[in-house]
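Undergrad: Below are the sequence and a predicted model; questions follow.
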Amino acid sequence: MAPSTTTGAVPVPRCPVIFNGQNYRDWVQHMKLHMRGQLVCEHLSGALPCPLLPTPPAELAFPVDADETKQREMLDTFEEATEEYQNQLHLYKQWTNDDARASSILVNSMDVDLTMDVVALTTADQMWEHLRHRYESTGDAMYLSVVRQEQQLQQGDATVDDFYKEMSAVWRQLDSLGADVCRRCQCCVRQQAKLEVRRLYDFLTRLRPEFEQSRAQLLARHPRLSTLEALAEVGSEEVRLRSTGLLPSSSAVLAARVPPPLPSVPSYTQVAATSTSAFCNYCKQDGHMITECIKRRKQGRRGGRPQKDSGGSSNSREGSLEKVHQEMLTLLRRLTASAPSSGSAGSAGQTSGPPPHSSSGTSLPSILDSGASFHMTPHRDHLCAVNSVPSPLTIQTAYGTSLSVAARGTLSTSSFHVPAVSHVPKLTMQLLSAGQLTDLGCRVILDSDSCCVQDRRTGTLVGIGPRRHDSQHLWVLPPLFRKGVTNII
């Protein structure tokens, strides 16, 4: 902030975080740092008391019988007293000016309606103490509430950075509610080191299962890493997993949460156990298929309830996901209203059975499967750049039929192309995987009666269609269209 042009005025830079009555803990931390930068932090804590107002020396008066030597001594004494008075007066004025500046910064960093109770106080430390007694939460009940909040934290669908920010906020609350440590004596240093180790374990053990290998390696590291070093390592691993497609994006997770939940029915297609890279699309674990998933069988015996999200224990995160979901549904309805009409889309919405076979890939509607592991088509002539699969691979339909994957290629037309499409000769329809579309940079929005696919980067509508009336997991997409774009990725 530029200095005021008024003579003798003191600039009052406000704190970047403004106190609104609800953010006391965060505001206090920022205010302490801000006041240290302004060199007036001691005025908040009261560590620098106000000096006494000095008394001016008495006026000099020489006695009538004083000789020249006596007068010189009295003059020297008077000058020393005057100089001492001026020094003490300067210190007093400096303190009052600094305290006034600290008080102004404090009041200027608050909402106006909250300043009425503190402006009548005379010093900055009185204002600071009043705010502490008024807004600082204390007591065992508050501490227990924050501890429970910490125990319920899980990464869920959040990124590593967002999850660490959430945990750090809870840790700061625990620190503010706990006992103060000096961080200088050996006892406090050892106690702080043990606390850092426990928080490192808490952070690593609450990550998603995809980070299990990295978690084991970091915990076995010697000397032990700090929490920030572990955060950097896990962040790099997150980038690697997302680049290889092993970590689903948040759009895929949101697309899978289709309200209202219906009784569990097996998805149309899943990779079978003969695959060399087995992956369960139900519990998101490697090493087995959905047909062998123990969690899925237990869930079915309990009444077929949908699996709860791992991060659902946090009420705030559930509310955030619900808000995002509602925004996506609103976007879907707007896109539905603005999408161009298509004859194939209309016909697809009138039938509940599989779409008829077409000799051209450009007019064949695609079925969007929210549970399919990858794209697939029964028509080899629709694919280009076809390659054989490196190892035997089968899929299993919802009716228990096992079908072999013959090859893989790119589904290409003059207006779009879809890479990594599997050729399944005995399949009765052309399927698009919702999860694979999100990995290719698209946003998949599934509503109770319709769906749409949107380019995440440009916002362009890729495809839109109704939901099949005979299935919970299938949506009919007419031939994908793009405006001015030739690729789907």
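TA: Sure, I can see it. Residues are numbered from 1 along each chain as shown.
Undergrad: Tell me the spatial nearest neighbour of Gln285, not counting adjacent residues.
TA: The shortest distance from Gln285 to any residue other than its chain neighbours is 6.3 Å, reached at Pro209 (CB to CB, 6 or more residues apart in numbering). Where C-beta positions appear, they are placed from N, C-alpha and C, glycine not excepted.
Undergrad: so what's Tyr24 closest to, chain neighbours aside?
TA: Tyr135 (4.1 Å).
Undergrad: Please verify my assumption that the one you found contacts Asp26.
TA: No. At 11.7 Å, Tyr135 does not count as touching Asp26 under the criterion of CB atoms under 8 Å.
Undergrad: Show the pLDDT at the residue nearest to Gln285.
TA: As predicted, Pro209 sits at a pLDDT of 87.
Undergrad: For burial, what's the neighbour tally of it?
TA: Neighbour count for Pro209, taken as other CB atoms under 10 Å: 12.
Undergrad: Then Thr227?
TA: Using other CB under 10 Å, Thr227 has 18 other residues around it.
Undergrad: tell me the contacts of Gln94?
TA: Gln94 makes contact with no residue, according to CB atoms under 8 Å, 6 or more residues apart in numbering.
Undergrad: Would you tell me what helix or strand it is located in?
TA: Element membership of Gln94, judged by DSSP states H and E, is helix 68-108.
Undergrad: angle of the helix or strand that that helix is followed by against helix 68-108?
TA: Counting by DSSP H and E, the element after helix 68-108 in chain order, helix or strand, is helix 124-135. Compare the direction of helix 124-135 with that of helix 68-108 by axes from the mean of the first three to the mean of the last three CA atoms, to 10 degrees and you get 30 degrees.
Undergrad: now helix 124-135: mean pLDDT?
TA: The average pLDDT within helix 124-135 is 89.
Undergrad: buried residues in it?
TA: Residues Ala124, Asp125, Met127, Trp128, Glu129, Leu131, Tyr135 are the ones in helix 124-135 that count as buried (16 or more other CB atoms under 10 Å).
Undergrad: Over to stretch 187-204?
TA: So stretch 187-204, judged by 16+ other CB under 10 Å, has buried residues Arg199, Leu200, Asp202, Phe203, Leu204.
Undergrad: Can you flag which of those belong to helices?
TA: Residues of the buried residues of stretch 187-204 located in helices (DSSP state H): Arg199, Leu200, Asp202, Phe203, Leu204.
Undergrad: which other residues reach stretch 16-27?
TA: Counting by CB under 8 Å, 6+ apart, 15, 30-31, 34, 109-111, 114, 131, 135-137, 172-173, 176 sit against stretch 16-27.
Undergrad: and the least confident of the residues you listed?
TA: The member of the contacts of stretch 16-27 with the lowest pLDDT is Ser137, at 70.
Undergrad: doesn't Tyr143 make contact with that one?
TA: No. The pair Ser137 / Tyr143 is not scored as a contact, 9.1 Å apart, by CB under 8 Å.
Undergrad: Which helix or strand in this structure has the lowest average pLDDT?
TA: Lowest by mean pLDDT, DSSP states H and E among the helices and strands of the chain is helix 343-350, with a mean of 34.
Undergrad: Helices of the stretch 151-300 of the chain, start to end?
TA: 160-177, 186-205, 212-219, 227-243, 250-256, 294-301 (DSSP state H, counting those that start in this stretch).
Undergrad: what pLDDT does the closest residue to Asp98 other than its chain neighbours get?
TA: Nearest residue to Asp98, sequence neighbours excluded (CB to CB, 6+ apart): Val40, at 5.2 Å. Looking at Val40, its pLDDT reads 89.
Undergrad: Who are the contact partners of Val40?
TA: Residues in contact with Val40, defined by CB under 8 Å, 6+ apart, are Asp98, Asp99, Arg101, Ala102, Ile105, Ala124.
Undergrad: which one of those residues is nearest Leu446?
TA: Ile105 (51.8 Å; CB to CB).
Undergrad: Go ahead and confirm the closest one touches Arg14.
TA: Yes. In this structure Ile105 lies within contact range of Arg14 using CB under 8 Å: 6.6 Å.
Undergrad: which of the two has more neighbours?
TA: Here Ile105 and Arg14 are compared on neighbour count by other CB under 10 Å; more neighbours surround Ile105, at 23 against 15.
Undergrad: So what's the residue count around the residue nearest to the more buried one when sequence neighbours are not counted?
TA: Among residues not flanking Ile105 along the chain, Val12 sits closest, at 5.7 Å (CB to CB, 6+ apart). Neighbourhood size, Val12 [other CB under 10 Å]: 18.
Undergrad: In terms of pLDDT, where does Val12 sit?
TA: For Val12, the model assigns a pLDDT of 76.
Undergrad: can you pull the contacts of it?
TA: Taking CB under 8 Å, 6+ apart as the definition, contacts of Val12 comprise Met1, Arg101, Ser104, Ile105, Asn108.
Undergrad: Identify the residue spatially nearest to the last one, adjacent ones excluded.
TA: The reference is to Asn108. Arg14 (4.4 Å).
Undergrad: pLDDT on the helix holding Gln94, on average?
TA: 91.
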